[in-house]
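Colleague: quick one, what's the 3D model for this:
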Amino acid sequence: MSKSSKFVYLFVILLLAIFFIGCERPQLPWLAKAEGVVTHKDVPVEGATVTMQNSQGVATGTTDAQGKFAMMFVQGGKGYPGAPVGTLSVAVTKTETTEPDEIIPPAPEKTASEEKIKAFTAKMEELSIKHSKAASSKSLIPEKYGNVKTSGLKVELSQEGNTDIKLVLSDD
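Modeller: Numbers count the residues shown, from 1 in each chain. Below is the predicted model of the structure:
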């Protein structure tokens with residue numbers, strides 16, 4: 001083998017190695033289509049977050065006005081439709097945040113007296129403390145559903161997928 005054919009041979013091997021290393025795809029679990037509807041007291045739940053997980057990973061979805069959701073698996077910053085195949089533990093959350101109604105006063109002028117600046121600072125500290133105590137998150141569905149360990153919800157997802165998942169929430 002001549003020097004030039006050895007060089008070409010090594011060059012081709014190097015290019016192939018770079019190509020295969022650069023084209024490595026993330027190792028994803030087997031995913032299947034997972035879609036359904038969430039109801040509470042026989043009413044579709046709009047704006048809820050549905051989480052399904054097993055040892056293969058976590059998928060999430062958000063419900064629309066009809067309570068319908070489609071799960072999305074995220075890995076490496078990319079979303080893939082579906083959820084991992086197998087038995088999935090499910091959580092459903094829907095919350096609203098309450099904020100204090102008090103209005104923040106305008107900042108004092110640059111030329112304001114030291115007394116006005118101190119009064120403004122004291123008021124802002126007071127509002128900050130009030131805000132941290134008053135701002136809270138309230139669950140709009142029974143809180144037990146917000147945790148996969150306490151929800152009691154399970155989904156069996158085969159490789160064929162499931163587009164008729166019914167998550168029925170009760171007040172029990």
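Colleague: partners of the strand or helix carrying residue 74 in the sheet?
Modeller: Per DSSP states H and E: residue 74 is located in strand 72-75. Strand 72-75 sits in its sheet next to strand 57-62 (antiparallel), strand 78-81 (antiparallel), going by DSSP bridges.
Colleague: where do the helices sit along the protein?
Modeller: 3-22, 114-134 (DSSP state H).
Colleague: of all the strands paired with strand 72-75, which lies closest to residue 90?
Modeller: With respect to residue 90, and counting by CB to CB, the nearest of the strands paired with strand 72-75 is strand 57-62 at 10.1 Å. C-beta here means a position set from N, CA and C on the backbone, and glycine is covered the same way.
Colleague: what's the mean pLDDT across that closest one?
Modeller: Strand 57-62 shows an average pLDDT of 93 in the prediction.
Colleague: then stretch 114-130?
Modeller: On average, stretch 114-130 scores 72.
Colleague: same thing with stretch 33-52?
Modeller: Average pLDDT, stretch 33-52: 96.
Colleague: check which residues of it are buried.
Modeller: In terms of neighbour count (16 or more other CB atoms under 10 Å), stretch 33-52 has its buried residues at 34-40, 45, 48-52.
Colleague: from those, which land in strands?
Modeller: 34, 35, 36, 37, 38, 39, 40, 49, 50, 51, 52 (DSSP state E).
Colleague: surely the last one meets residue 34?
Modeller: Yes: in this structure, residue 52 sits in contact with residue 34. The criterion is CB atoms under 8 Å, and the distance is 6.5 Å.
Colleague: care to break the chain down by domain?
Modeller: 26-96+141-169, 100-134 (automatic domain parsing).
Colleague: spatially central residue for the chain, please.
Modeller: residue 60 (5.9 Å; CA atoms, centre = their mean).
Colleague: name the nearest residue to that one, ignoring sequence neighbours.
Modeller: Closest residue in space to residue 60, ignoring its immediate chain neighbours: residue 51 at 5.3 Å, by CB to CB, 6 or more residues apart in numbering.
Colleague: got the contact list for the one you found?
Modeller: 58, 59, 60, 90, 91, 92, 93, 148 (CB atoms under 8 Å, 6 or more residues apart in numbering).
Colleague: done for today, thanks.
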